[in-house]
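Asker: The sequence and its predicted three-dimensional model are supplied below.
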Amino acid sequence: MHLGLRSLLKLLLLCQLSASLNFFHHRYDDLVRALFNVQNECPYITRIYSIGRSVQGRHLYVIEFSDNPGRHEILEPEFKYVGNMHGNEVLGRELLIQLAEFLCEEYQNGNERITRLIQDTRIHIMPSMNPDGYEVAADQGPDTNGYLTGRNNINEVDLNRNFPDLNIVMYFNEKNGGQNHHIPLPDNWRNQVEQETLVTIEWMKSYNFVLSANLHGGAVVANYPYDKSKDLRTRGYRRTGYTGTPDDKLFKKLAKAYSYAHGWMHQGWNCGDYFPDGITNGASWYSLSKGMQDFNYLHTNCFEITLELSCNKFPREEELEREWLGNREALITYIEEVHQGIKGLVTDENNNGIANAVISVSGIDHDVTSGTGGDYFRLLLPDTYSVTASADGYYAKISTATVSPGAATRLDFQLKQVKVSNSREKIPYKNMNGKNHIRKIVPRSVDRKRRQ
């Protein structure tokens, strides 16, 4: 009850919905026109770019919101929303168009909350990852649309079953020891995925995204990883088996942040299903292989959840305004979740940023890495943590951080470079289990004598 009231109060604090917002289904040309209209209205805080093209040549457009669009600002987190991955699940597409218009308008109106969000966050919004599939579904319309019509891309491939399967590698590593983050892709991965998946993966690799959500339809629930069950013995589509990540408690918190800010998701009873608190672990619902949210967590620094937003995959136009009002506060609240945990700079002794430094949190077997400029972001729940920063060629450093609700705690690391000389020197390094050992560096002349 308390959380419901708080969400209602936050919703009332947002400005009245502008009469200029039009609720209709946007075909591809309409979508492009809507995004460029926003960019023309708010040129100083927006940028439009394409991550690539679909199989049929349509651009996968992204609109970015930032007080410095087009560049990453050190210690400012990167956030993304992705809609319409399944072409016939269209509500997310429409909500993200409305969100872009809303952010622009509220910034112009001086809304302090929205202004602060744009100043402190770099927000990337891709309304449609599957524009070809959408056009197939839209040709049928909401009244005659089949449950699967337009779901896949034009090659009839489900894009949310098309990412490299890194879960199986992760589950093997958990048992046998091995990498717990940034699991490498197969050598021939580009030949295994569709065009839309390929450009999306390249996009993920180009930006150091911290938090994300992908928007779907067919249920009303916030779904968090893992999507794929560890129990490989299960058979059939409705496979179940709760499979949480090392950040399971954090993912539950992220899912609840959306659910309880939503108009009715948190009530649990939706579309004939019941999900306590309006959230579910993906694998406990049904096991899904090669999905996008698991891929984000296992290959990048990004924490992603999947938002199922409507019982009807292709709602009628007269339903869109109600759906926007039900999701508006949740869409904003979820972006704000990117500002929690710890963040900081990893630098050398000359204050130069160190890219790809590994940030490890004691007790949580999932590391993140620093970006090009040396900044890192690690989402965490309020608590006190022992954190280690390490990088090739540098001595590792351990610090303690206390995380409080609200803004992320700043925790910087300055690493001392390892200098190998002709004298004996002891250098700490980490083995596969993360334990520090002492390794002796022996002068080459001495080492040659020993081998002789």
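Answerer: Now that the structure is in, tell me what you want to look at.
Asker: CA atoms for contacts and neighbours, from now on please.
Answerer: Noted.
Asker: Which helix or which strand is home to Y49?
Answerer: Per DSSP states H and E, Y49 falls inside strand 46-53.
Asker: F79 should be in a strand, yeah?
Answerer: Yes - the assignment for F79 by DSSP: H, G, I helix; E, B strand; the rest coil puts it in a strand.
Asker: correct me, but it touches V210?
Answerer: Yes - the pair F79 / V210 is scored as a contact, 6.0 Å apart, by CA atoms under 8 Å.
Asker: So between the two, which is more surrounded?
Answerer: Neighbours per residue, other CA atoms under 10 Å: of F79 and V210, the larger number sits with F79, 27 against 24.
Asker: anything in contact with each of F79 and V210?
Answerer: Residues touching both F79 and V210 by CA atoms under 8 Å, 6 or more residues apart in numbering: V338.
Asker: next helix or strand past the strand holding Y49?
Answerer: Later in the chain than strand 46-53, the nearest helix or strand by DSSP H and E is strand 59-65.
Asker: Show me what that next one is packed against.
Answerer: For strand 59-65, the elements it packs on are helix 28-41, strand 46-53, strand 122-126, judged by 3 or more CA pairs under 8 Å, 6 or more residues apart in numbering; DSSP states H and E.
Asker: One more pass at 6 Å, please.
Answerer: Counting by 3 or more CA pairs under 6 Å, 6 or more residues apart in numbering; DSSP states H and E, the packing neighbours recorded for strand 59-65 are strand 46-53, strand 122-126.
Asker: which parts of that strand are buried?
Answerer: Residues 59-65 are the ones in strand 59-65 that count as buried (16 or more other CA atoms under 10 Å).
Asker: So which residues make contact with it?
Answerer: Contacts to strand 59-65, defined as CA atoms under 6 Å, 6 or more residues apart in numbering, come from residues 45-53, 122-126.
Asker: okay if I get those as a markdown table plus neighbour count?
Answerer: Compiled in a markdown table, the contacts of strand 59-65 are given as follows (neighbours: other CA atoms under 10 Å):
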| residue | neighbour count |
| --- | --- |
| I45 | 20 |
| T46 | 26 |
| R47 | 21 |
| I48 | 20 |
| Y49 | 14 |
| S50 | 14 |
| I51 | 19 |
| G52 | 18 |
| R53 | 17 |
| R122 | 26 |
| I123 | 23 |
| H124 | 23 |
| I125 | 22 |
| M126 | 26 |
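Asker: In TSV, list those residues along with distance to T372.
Answerer: As requested, these are exported to TSV (distance: CA to CA, whole Å):
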residue	distance to T372
I45	23
T46	23
R47	21
I48	22
Y49	21
S50	22
I51	20
G52	23
R53	26
R122	16
I123	18
H124	19
I125	22
M126	23
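Asker: which among these gets closest to I335?
Answerer: I123 (8.1 Å; CA to CA).
Asker: The closest one bridge partners, please.
Answerer: Beta-bridge partners recorded for I123 (DSSP bridges): F65, F79.
Asker: unless I'm mixing things up, it is touching F79, no?
Answerer: Yes - using CA atoms under 6 Å, I123 is in contact with F79, at 4.9 Å.
Asker: that older thread, what packs against the strand holding Y49?
Answerer: Against strand 46-53 (3+ CA pairs under 6 Å, 6+ apart) you get strand 59-65.
Asker: any idea of the mean pLDDT for the strand it packs on?
Answerer: Across strand 59-65, pLDDT averages out at 98.
Asker: what is the orientation angle of that strand with helix 28-41?
Answerer: 30 degrees (axes from the mean of the first three to the mean of the last three CA atoms, to 10 degrees).
Asker: and strand 59-65, how far from the chain's centre?
Answerer: With CA atoms, centre = their mean, to the nearest Å as the basis, strand 59-65 stands 16 Å off its chain's centre.
Asker: mind saving the C-alpha coords of it as CSV?
Answerer: In CSV, the C-alpha atoms belonging to strand 59-65 read as follows (Å, rounded to 0.1, in the frame of the first residue of the first chain):
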residue,chain,number,x,y,z
HIS,A,59,17.2,1.9,-40.4
LEU,A,60,17.2,0.9,-36.7
TYR,A,61,17.0,4.4,-35.4
VAL,A,62,18.0,5.5,-31.9
ILE,A,63,17.2,8.9,-30.3
GLU,A,64,19.6,10.0,-27.6
PHE,A,65,18.9,12.4,-24.8
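Asker: Could you look up the SS state of the most centrally placed residue in the chain?
Answerer: The geometric centre of the chain, computed from its C-alpha atoms, lies nearest to S212 (CA atoms, centre = their mean), at 2.6 Å. Look at S212: counting by three-state DSSP, its state is strand.
Asker: I'd like the distance between it and V338.
Answerer: Look at S212 and V338: by CA to CA, to the nearest Å, they are 9 Å apart.
Asker: got the CA positions of stretch 165-174 in CSV?
Answerer: The C-alpha trace of stretch 165-174 is given here as CSV (Å, rounded to 0.1, in the frame of the first residue of the first chain):
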residue,chain,number,x,y,z
ASP,A,165,24.2,-18.8,-26.2
LEU,A,166,26.6,-17.6,-23.4
ASN,A,167,24.5,-19.2,-20.6
ILE,A,168,25.8,-22.6,-21.3
VAL,A,169,29.4,-21.3,-21.1
MET,A,170,28.6,-19.5,-17.8
TYR,A,171,27.0,-22.6,-16.2
PHE,A,172,30.0,-24.6,-17.2
ASN,A,173,32.4,-22.0,-15.7
GLU,A,174,30.4,-22.0,-12.5
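Asker: from the middle of its chain, how far away would it be?
Answerer: Taking CA atoms, centre = their mean, one finds stretch 165-174 lying 19 Å from the centre of the chain it belongs to.
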